[in-house]
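*Asks:* Quick one, structure for this:
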Amino acid sequence: MLPIAIDAMGGDRAPDEILAAAHQAAELGIPVVLVGPAGLGGIGDLPLIPASEVISMDDDAAQGVRRKKDSTLVRAAEAVRDGRASAMISAGNTGATMASALLRMGRIKGVSRPAIATPLPVPGHLPNILLDAGANAEVQPEWLVQFAQMGSVYARHRFGVEHPKVGLLSIGEEPRKGDTLRKEAYELLSAAPNINFIGNIEGRDMLLKTADVVVTDGFTGNVVLKTLEGGVKVLMQAIFEAFTADPAYKPHVDALLPALLPLVEQMSPDTYGGAMLLGVDGVCIISHGSSNAHALLNGIKVAQEMVERGVVEELRAAIAGEG
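*Replies:* I've put the predicted structure just below:
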């Protein structure tokens, strides 16, 4: 397998946590190549694609990609395009990561717009897939059908869900609930072949096994994602603060921790390593800006799995067979 191109300068904890993850991946036998400035310290014997510029978190995504042609993100995407890398991963500017992948790798033929597919933890079950989680603030109804197609392929290849149930995020379960976009998308999804459409779902269903794939526009999807992340973080913090509120609780806490720690791991976004940008002609993993080495290593593993399982080829076949 060709190496996975890792943006060494992307994210709040770059480059130290990225380098740690890259070394851990190499020790596991996963081929990697770092993309960063020449002379970057700490890379050891890992290969490096030199890139003299960095697109920062506050840079305009499209302008940054156009102006900073020697940026780590652009060079990583070019490595995939040119056959020097099998995939790319970054914890940097999400919009710029998406723009780099789209402008350098290109879209899969027939894809109207790529979408960010993010796993949502479901206690005791496999995660749900939410898309779009932020790539397209405004969408057309037929794009949501493609999101459902791509999300179904991703659920099968990443989590082994044989016949993923697809739900349309709306403000009520009834077919006529929602705005014009949701109503038109409902009709198209109901008639679409090879999609296991179960109808509308509501926000309360996001962390339940109501649907395996949830489709919506990127504006709504990103708000939902950040709300869930914030809510889960606050709840977890409150639970652990309650545990330490009284020394008398310690024996009970010690008894409960073996059951609670796996749940904490399952609910942490670090466990899933990042989201995949579906619809571009290559594997592109977008990790959280605050990702540590553990999260980034998991993201590298996801990239490896998606390459080995041929998810881009499967997406290409699904879109080609749309009509």
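*Asks:* Who are the packing partners of the helix or strand residue 74 falls within?
*Replies:* Residue 74 is located in helix 72-81, with elements delineated by DSSP states H and E. In terms of contacts (3 or more Cβ pairs under 8 Å, 6 or more residues apart in numbering; DSSP states H and E), helix 72-81 is packed against strand 4-7, strand 32-36, strand 48-50, strand 87-90, helix 94-100, strand 283-286. (Each C-beta comes from the backbone N, C-alpha and C, glycine too.)
*Asks:* Figure out how far the helix or strand that the last one is followed by is from the centre of its chain.
*Replies:* Using DSSP H and E, the helix or strand that directly follows strand 283-286 along the chain is helix 293-308. Relative to the chain's own centre, helix 293-308 is displaced by 11 Å; criterion: Cα atoms, centre = their mean, to the nearest Å.
*Asks:* which outside residues touch helix 293-308?
*Replies:* Contacts to helix 293-308, defined as Cβ atoms under 8 Å, 6 or more residues apart in numbering, come from residues 1-2, 4, 6, 11, 17-18, 20-22, 24-25, 30, 32, 86-89, 91, 157-158, 269-274, 276, 283, 285, 287-288, 291, 312.
*Asks:* Restricted to buried residues, select these in ChimeraX.
*Replies:* Remark: buried members of the contacts of helix 293-308, expressed as a ChimeraX selection using 16 or more other Cβ atoms under 10 Å:
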select :4,6,11,17,18,20,21,22,24,25,30,32,86,87,88,89,91,157,158,269,270,272,273,274,276,283,285,287,288,291,312
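*Asks:* re earlier: now distance to residue 226 and mean pLDDT too, for the helices and strands packed on helix 72-81, in TSV please.
*Replies:* Shown next, in TSV, are the helices and strands packed on helix 72-81 (distance: least, Cβ to Cβ, whole Å; pLDDT from 0 to 100):
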stretch	distance to residue 226	mean pLDDT
strand 4-7	22	98
strand 32-36	28	98
strand 48-50	32	97
strand 87-90	19	98
helix 94-100	12	95
strand 283-286	14	97
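*Asks:* neighbours around residue 103, how many?
*Replies:* 16 (other Cβ atoms under 10 Å).
*Asks:* Cross-check the contact I'm expecting between it and residue 63.
*Replies:* No - counting by Cβ atoms under 8 Å, residue 103 does not reach residue 63; the two are 12.0 Å apart.
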